[in-house]
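K.L.:
whatever this is, show me its structure:
(2 chains)
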Amino acid sequence: KAGVTQTPRYLIKTRGQQVTLSCSPISGHRSVSWYQQTPGQGLQFLFEYFSETQRNKGNFPGRFSGRQFSNSRSEMNVSTLELGDSALYLCASSPLGLAGSTDTQYFGPGTRLTVL
Amino acid sequence: DAKTTQPPSMDCAEGRAANLPCNHSTISGNEYVYWYRQIHSQGPQYIIHGLKNNETNEMASLIITEDRKSSTLILPHATLRDTAVYYCIVRVRTGANSKLTFGKGITLSVRP
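P.N.:
So this is what the prediction gives:
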């Protein structure tokens, strides 16, 4: 089974721009979560989508948003980029839904965003 | 979710067992212990999880103490490719709470 894929893998933007990152979960997985990793703050949870609805949200400003499509693919958007948004953005998928199923999260390789 | 405490770093010789400790003294009855690792600049990789019984898979073994306040991840024959940051996480295993709270983890260095 193919793993979680994220595109693009690397991205360079300038302050004030906006960016959209994409995540394709493992086939059959219904939940997609997003994380931000920086050297200073480590790995931090952004939000989680399940059945096209945001179900959990971390402590990030409204500039960070996301959505999920009917095929479970997800996108996250960051508007008005700041220098501090430079980070590795990770997407994780998990099965969920069925009683007794594991909800172990499996991560993609990440998108490295650099804001200049 | 309960917090975990891990030493910042440890090393071991290639071919030897690596025993990575984790304290989770405030763990509650419905919280599981998960282990992930992250090799430099890659996404975290799931290793193993358990509730109260010891668990083993093709990657590692997880030993959880009887009081569940601590656990040890064992890599039976460490290789250079096992050099990574290892995260111990406790969380409720439910679909309604999918957030993983990562600490700083323990950096394992495997030396030749």
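
K.L.:
enumerate the residues of chain A near chain B.
P.N.:
Residues of chain A that fall close to chain B, judged by C-beta under 8 Å from any C-beta of the partner chain: A:4, A:31, A:33, A:35, A:42-45, A:48, A:50, A:55-56, A:58, A:88, A:90, A:92, A:94, A:96-97, A:102-110, A:112. For glycine as for every other residue, the C-beta is placed from the backbone atoms N, C-alpha and C.

K.L.:
just the buried members of the residues you listed?
P.N.:
By neighbour count, with 16 or more other C-beta atoms under 10 Å in any protein chain shown, the residues of chain A next to chain B hold A:4, A:31, A:33, A:35, A:42-45, A:48, A:50, A:55-56, A:58, A:88, A:90, A:92, A:94, A:96, A:103-110, A:112 as buried.

K.L.:
show me these that map onto strands.
P.N.:
The strands, defined by DSSP state E, take in A:31, A:33, A:35, A:42-45, A:48, A:50, A:55-56, A:88, A:90, A:92, A:94, A:106-107, A:112 from these.

K.L.:
from the chain's centroid, how far away is the lowest-mean-pLDDT helix or strand in chain A?
P.N.:
Lowest on mean pLDDT, DSSP states H and E among the helices and strands of chain A sits strand A:53-57, with a mean of 88. How far strand A:53-57 lies from its chain's middle: 12 Å, per C-alpha atoms, centre = their mean, to the nearest Å.

K.L.:
list the neighbouring strands of that strand plus their orientation.
P.N.:
According to DSSP bridges, strand A:53-57 forms sheet pairs with strand A:42-50 (antiparallel).

K.L.:
pLDDT (mean, whole number) over the partner strand?
P.N.:
For strand A:42-50, the mean pLDDT works out to 91.

K.L.:
before we move on, what SS does residue B:99 have?
P.N.:
For residue B:99, the assignment made with DSSP: H, G, I helix; E, B strand; the rest coil gives coil.

K.L.:
who's in contact with it?
P.N.:
Residues near residue B:99 by C-beta atoms under 8 Å, 6 or more residues apart in numbering or on different chains: A:33, A:45, A:48, A:56, A:58, B:1, B:91.

K.L.:
just give me the closest of these to residue B:44.
P.N.:
Minimum distance to residue B:44 across these is 11.5 Å, recorded for residue A:33 (C-beta to C-beta).

K.L.:
quick one: the helices in chain B?
P.N.:
Counting by DSSP state H, chain B yields no residue ranges for helices.

K.L.:
okay, and the beta partners of the spatially most central residue of chain A?
P.N.:
With distances taken as C-alpha atoms, centre = their mean, residue A:34 lies nearest the centre of chain A, 2.9 Å away. Applying DSSP bridges to residue A:34 gives these bridge partners: residue A:47, residue A:91.

K.L.:
hang on, residue A:106 packs against residue A:3?
P.N.:
Yes: with contact defined as C-beta atoms under 8 Å, residue A:106 counts as touching residue A:3 (6.6 Å).

K.L.:
what number of residues lie near residue B:91?
P.N.:
For residue B:91, the tally of surrounding residues (other C-beta atoms under 10 Å in any protein chain shown) stands at 21.
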